[in-house]
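> Here is my input; please provide its structure:
(chains A and B)
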Amino acid sequence: KAGVTQTPRYLIKTRGQQVTLSCSPISGHRSVSWYQQTPGQGLQFLFEYFSETQRNKGNFPGRFSGRQFSNSRSEMNVSTLELGDSALYLCASRPQGTNYGYTFGSGTRLTVV
Amino acid sequence: AQKVTQAQTEISVVEKEDVTLDCVYETRDTTYYLFWYKQPPSGELVFLIRRNSFDEQNEISGRYSWNFQKSTSSFNFTITASQVVDSAVYFCALSEPGNTPLVFGKGTRLSVIA
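Sure, this is the predicted structure:
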């Protein structure tokens, strides 16, 4: 069974640009969550999608957005990039139902210069 | 509000030593779920264990064991006879019932030296 796949693995962008990250969940998993990991703040929840609807949202500015497609694949977008957006972005999926263990992808490391 | 505290930022041990990683949590719910994840240098978070608040039995899986104590709001993780491959960052996490996100501690970086 394939795991959670995130693309690309690495990305370098310039301040002010925008970026789109992609996540393909495990087959059959309809819930996809995104987390930002930085050395200072640790792992912070961005948002969760379930059946193409945003179900939860963390405390991030509107520059961070996401969406989910009918095949459960998800994308997150960051507009007007800032240096502080440099981070490891992790995607996780889980089966329907609550509180099962999440399966995480390997992440996309974004560097903003 | 939920909170997870991992007071140990970094731990360094010599191979074959036992090591315990501490996790203290805060929640107002009587039902909640606790998790441990391992993050090797590759970056992926690897699920290790999930425990619900009604199950206080300690668990052992090979060299790993977990001690859940509701009285002290702790969910500690012990690695017995540590190996170099155990070197990683370990995260404790908490979620409450419903479709609530995981709340992570800051992590403990474990270095096992040969």
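> Please, where are all the strands along chain A?
A:5-7, A:10-13, A:19-24, A:31-38, A:42-50, A:53-57, A:64-68, A:74-78, A:87-94, A:103-104, A:108-112 (DSSP state E).
> residues in chain A within reach of chain B, list them.
A:31, A:33, A:35, A:42-43, A:45, A:48, A:50, A:55-56, A:58, A:88, A:90, A:92, A:98-107, A:109 (C-beta under 8 Å from any C-beta of the partner chain). C-beta here means a position set from N, CA and C on the backbone, and glycine is covered the same way.
> low-scoring pLDDT stretches of chain A, where are they?
A:1, A:97-99 (pLDDT under 70).
> Can you tell me the closest non-neighbouring residue to the residue nearest the centre of it?
The C-alpha lying nearest the average C-alpha coordinate of chain A belongs to residue A:34 (C-alpha atoms, centre = their mean; 3.3 Å). Using C-beta to C-beta, 6 or more residues apart in numbering or on different chains and skipping residues adjacent in sequence, the residue nearest residue A:34 is residue A:46, 4.1 Å away.
> Just give me the neighbour total for that neighbour.
Look at residue A:46: counted by other C-beta atoms under 10 Å in any protein chain shown, it has 22 neighbours.
> And the one 3 residues further on, by the same measure?
The local packing of residue A:49 (other C-beta under 10 Å) involves 26 other residues.
> and if you look at residue A:35?
Count around residue A:35 with other C-beta under 10 Å applied: 25.
> how near is the closest residue to it other than its chain neighbours to residue A:73?
Distances taken as C-beta to C-beta, 6+ apart put residue A:90 closest to residue A:35, at 4.5 Å, once the chain neighbours are dropped. As defined by C-beta to C-beta, to the nearest Å, residue A:90 lies at a distance of 16 Å from residue A:73.
> Comparing these two, which residue is more hemmed in?
Ranked by neighbour count (other C-beta under 10 Å), residue A:90 and residue A:73 place residue A:90 first, with 25 against 16.
> ok, that one - contacts?
A:6, A:34-37, A:43, A:104-105, A:107, B:43, B:45 (C-beta atoms under 8 Å, 6 or more residues apart in numbering or on different chains).
> Go through the residues you listed and say which is closest to residue B:74.
residue A:43 (20.0 Å; C-beta to C-beta).
> And for the nearest residue to the closest one once chain neighbours are set aside, the neighbour number?
Distances taken as C-beta to C-beta, 6+ apart put residue B:104 closest to residue A:43, at 4.1 Å, once the chain neighbours are dropped. Here the count is done by other C-beta under 10 Å, and residue B:104 has 21 residues near it.
> Residue B:104 and residue B:5: what is the separation?
From residue B:104 across to residue B:5, the span is 11 Å (C-beta to C-beta).
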